[in-house]
Structure formats: C-alpha cells, structure tokens
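>>> Okay, structure incoming, though there's no sequence with it:
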C-alpha cells in the first residue's frame, strides 16, 4: 500500500480511539505518525537486500513489538496504540508485495497479491523489460482496481471517522495531500519515461 493509505489508516485508528481516550493533538499525531513512518526507510534502500526497503528491519514486526513493549513498560496507552498502528502497516504490506515480516529469515513473505509466483521468482527478467525498473511495480499497482478501490475507501473512511470521532483534528487530514501528490506525480513521471 502507498504511504497515503497507511496515513489514512492511522487517522482512522486515532479518530475512532479518540472517542474513548480523548487524545491531545500530540497524542493523536503520534499514533498517526507510527502508522506510516516505516515507509521513510525507503531512503535506506541501498542497505537492503535487492535495494528493497521492505527487506529492512523497519519493515518487520520487530519495531512494533518494541513499541508495544515500551508502551506497556511506561504504561502509556498512546504508545501501545502506536505499536498496534505500526504493526497494522506491516500486516497490510504483506498483502500487496510482501515484506520481511520476521526479519531474521531474510525472506519476503505475505500474500503478494500484486505479483505472481512466477514474476516474483524471475523478477530481474520482468524488471529488465522496463526503462525504469520501478515502472513494473507502478504499473501493477495502478492497473489493479482492488488497490485503487481500497485507496478510495480508506480516504472516505478517514474523512468520515475524523468528522465523527475527532473533528478537532480534521486539519491533520491535509497531510494526505502531499502523500497522494507524491505517488501520483511519481506514477505519471514513470509513465512518461516508459512512453518516451
């Protein structure tokens, strides 16, 4: 899933739970931040197996367990929820391309719904068909109606949940705009490269 979708999930979680815990802006923001922060590990891709940021420890279940553990030690509900929010990100990432869920086996696991077994096992051959290897993943994602439907549904749910349960934090949803802009501009940039 794209970072904007993970952000939307974080807002949904924080908004709903705000009804029960009455979060401050800081607490609400922490929960939302932990829902997408691991995607910034993309800047460390060069250190990952096959330059795939999902193979880093940040895209395993380990950080979320550490966050949960710290939340329990410090008895801070917000940190516990943040650990859950982080783990939901990792679980969702097992659906599209898979992730290095347990980290130590150094293996990308999950349902991998956007890539066939044959494509996964012969990925270099498929990537070589594109001018920019990232175009393979981009084309698969944006041609999948289920992925696009999920993105639209998550956006709508984010708006509905924040209006119903956390209206005082509605301005935080504006952060969705740069995230979706990043992915759409990248999508059209890659399409332009492949068309040239």
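Sure thing, it's come through. Note that this is a predicted model, so its numbers are computed, not measured.
>>> rest of the way, CA atoms for contacts and neighbours
Fine.
>>> Residue 42 contacts residue 53, correct?
Yes. The pair residue 42 / residue 53 is scored as a contact, 5.2 Å apart, by CA atoms under 8 Å.
>>> And these two? Which one has more around it.
Taking neighbours as other CA atoms under 10 Å, residue 42 and residue 53 compare with residue 53 leading, 23 against 16.
>>> wait, what's in contact with the more buried one?
Each residue near residue 53 by CA atoms under 8 Å, 6 or more residues apart in numbering is listed here: 41-42, 44-45, 59.
>>> ok, it to residue 96 distance?
Distance, residue 53 to residue 96, using CA to CA, to the nearest Å: 14 Å.
>>> Which parts of the protein are helices?
Using DSSP state H, the helices of the chain run over residues 3-21, 25-36, 62-73, 77-96, 117-121, 123-127, 134-142, 145-165, 176-195.
>>> what's the third one in contact with?
So that's helix 62-73. Contact with helix 62-73 is made by 57, 77-84, 86-87, 102-103, as judged by CA under 8 Å, 6+ apart.
>>> Now for the residues you listed, which sits with the most neighbours around it?
Using other CA under 10 Å as the neighbour criterion, residue 86 leads the contacts of helix 62-73 with 30 neighbours.
>>> Give me the phi and psi for residue 143.
phi -90, psi 0 (degrees, to the nearest 10).
>>> residue contacts, it?
By CA under 8 Å, 6+ apart, no residues touch residue 143.
>>> ok, 10 Å please
The contact partners of residue 143, by CA atoms under 10 Å, 6 or more residues apart in numbering, come to residue 114.
>>> Repeat that for residue 129.
Residue 129 sits next to 135-136 when contact means CA under 10 Å, 6+ apart.
>>> can you pull the pLDDT of it?
You'll see residue 129 listed with a pLDDT of 92.
>>> ok, so what distance separates it from residue 28?
Residue 129 is 44 Å from residue 28, by CA to CA.
>>> Quick one: residues contacting residue 137.
The contact partners of residue 137, by CA under 10 Å, 6+ apart, come to 97, 114-115, 127.
>>> Now neighbour count and distance to residue 145 too, for the residues you listed, in TSV please.
Below are the contacts of residue 137 laid out as TSV (neighbours: other CA atoms under 10 Å; distance: CA to CA, whole Å):
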residue	neighbour count	distance to residue 145
97	21	16
114	18	11
115	17	14
127	16	22
